[in-house]
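A.B. asks: Give me a 3D structure for the following:
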Amino acid sequence: MTIPYRPLALGLLALGFMALVLSRAQAGGGHYYAPVIDPLVKQECGTCHLPFAPSMLPANSWKRLMGDLKNHFGDDASIDATLTKTIGDYLVANAADSGGRVYGSKLLRGVSLTDAPLRITELPKWRSAHAQVPDWEWKHQDVRTKANCTACHLNAELGYYTE
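C.D. replies: Got it, this is the predicted structure:
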């Protein structure tokens, strides 16, 4: 009686394998970073730039970044202390070495968690992934800065960086 169950078992095994492959593809494979879902963070950070996925930096980087908003990459991005704490708590809780580990751990390879950079563009993984982009392309009027992810990654706001 084991003969009729063999095709069923093989079918279930194939179905399970397909589900695993498809779930990996839907999650963007190695290029998915869970986007910001907190409306406050989206509003406050998204006014000036794409609210970067917290899993793109370790907690220490987010703490340092939020601790000096007066000098936010050449701009004064100061907000009141309550907002700063709320946003900082969200970023730290979902950082690459915290809640966002499943997405961001690949970006942390070769990065010291205690002395991690403040810019995603300074991470070794980011640099190697973008090494083939010519300098002139960064200067294009639609790009202008390496932090403008949405210029090339059309679904970056949804967490997909595959383009």
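
A.B. asks: Go through stretch 140-155 and flag the buried ones.
C.D. replies: Along stretch 140-155, these residues count as buried under the neighbour rule (16 or more other C-beta atoms under 10 Å): Val143, Lys146, Asn148, Cys149, Ala151, His153, Asn155. In short, each C-beta sits where N, CA and C put it, glycine included.

A.B. asks: wait, doesn't Ala96 sit right on Leu108?
C.D. replies: Yes - with contacts counted by C-beta atoms under 8 Å, Ala96 reaches Leu108, the gap being 5.2 Å.

A.B. asks: what residues are shared contacts of those two?
C.D. replies: Listed as contacting both Ala96 and Leu108 by C-beta atoms under 8 Å, 6 or more residues apart in numbering are Pro58.

A.B. asks: between these two, who's got more neighbours?
C.D. replies: Set Ala96 next to Leu108 and count neighbours by other C-beta atoms under 10 Å: Ala96 wins out with 28 against 21.

A.B. asks: Can you give me every residue that contacts that one?
C.D. replies: By C-beta under 8 Å, 6+ apart, the contact list for Ala96 reads Pro54, Ser55, Met56, Leu57, Pro58, Ala59, Tyr103, Gly104, Ser105, Leu107, Leu108.
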